[in-house]
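Asks: Attaching a predicted model along with its sequence, questions to come.
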Amino acid sequence: MNVRNFTEPVKSQISETWRDARDNVTKTARTVSKATDRYVRRNPWKAMAWAALAACVVGYLLSYARE
């Protein structure tokens, strides 16, 4: 029994699964990106407020970690 004969189907199955997962992640990322772009273009001030809030939270967490 050759090891290569045993591992080749497993390798191709893993490769196919990885390719499918990558394609799904890419598709989801594009969908989220388009939705985010639409939201920001329709609500620029809300988007800026959310960004400012996120920056404040990150700043607070970073300053809290230093203490």
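Replies: On my side now, so go ahead. Numbering: from 1, shown residues only.
Asks: Tell me which residue is most central in this structure.
Replies: residue 29 (6.3 Å; CA atoms, centre = their mean).
Asks: roughly how far apart are that residue and residue 22?
Replies: Distance of residue 29 to residue 22, given as CB to CB, to the nearest Å: 11 Å. Any C-beta I mention is one placed from the backbone N, CA and C, and that applies to glycine too.
Asks: same thing with residue 56?
Replies: For residue 56, the distance to residue 22 - CB to CB - is 35 Å.
Asks: Point out the other elements, helices or strands, that the helix or strand where residue 50 lies touches.
Replies: Taking DSSP states H and E as the definition, residue 50 sits inside helix 44-66. With contacts defined as 3 or more CB pairs under 8 Å, 6 or more residues apart in numbering; DSSP states H and E, the packing partners of helix 44-66 are helix 3-42.
Asks: So, low pLDDT: which residues of the protein?
Replies: Within the chain, the ranges that satisfy pLDDT under 70 run 1, 67.
Asks: circling back: for the helix holding residue 50, list the C-alpha coordinates in CSV.
Replies: Backbone C-alpha positions of helix 44-66 (Å, rounded to 0.1, in the frame of the first residue of the first chain) are rendered in CSV as follows:
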residue,chain,number,x,y,z
PRO,A,44,-22.6,60.0,6.8
TRP,A,45,-23.1,61.7,10.2
LYS,A,46,-24.3,58.5,11.9
ALA,A,47,-21.3,56.7,10.5
MET,A,48,-19.0,59.4,11.8
ALA,A,49,-20.7,59.2,15.2
TRP,A,50,-20.2,55.4,15.3
ALA,A,51,-16.6,55.8,14.3
ALA,A,52,-16.0,58.3,17.0
LEU,A,53,-17.7,56.1,19.6
ALA,A,54,-15.6,53.2,18.6
ALA,A,55,-12.5,55.3,18.8
CYS,A,56,-13.5,56.4,22.3
VAL,A,57,-14.1,52.8,23.4
VAL,A,58,-10.7,51.7,22.0
GLY,A,59,-8.9,54.6,23.6
TYR,A,60,-10.6,53.8,27.0
LEU,A,61,-9.6,50.2,26.8
LEU,A,62,-6.0,51.0,25.8
SER,A,63,-5.7,53.5,28.7
TYR,A,64,-7.3,51.0,31.1
ALA,A,65,-4.8,48.4,30.0
ARG,A,66,-1.8,50.6,30.9
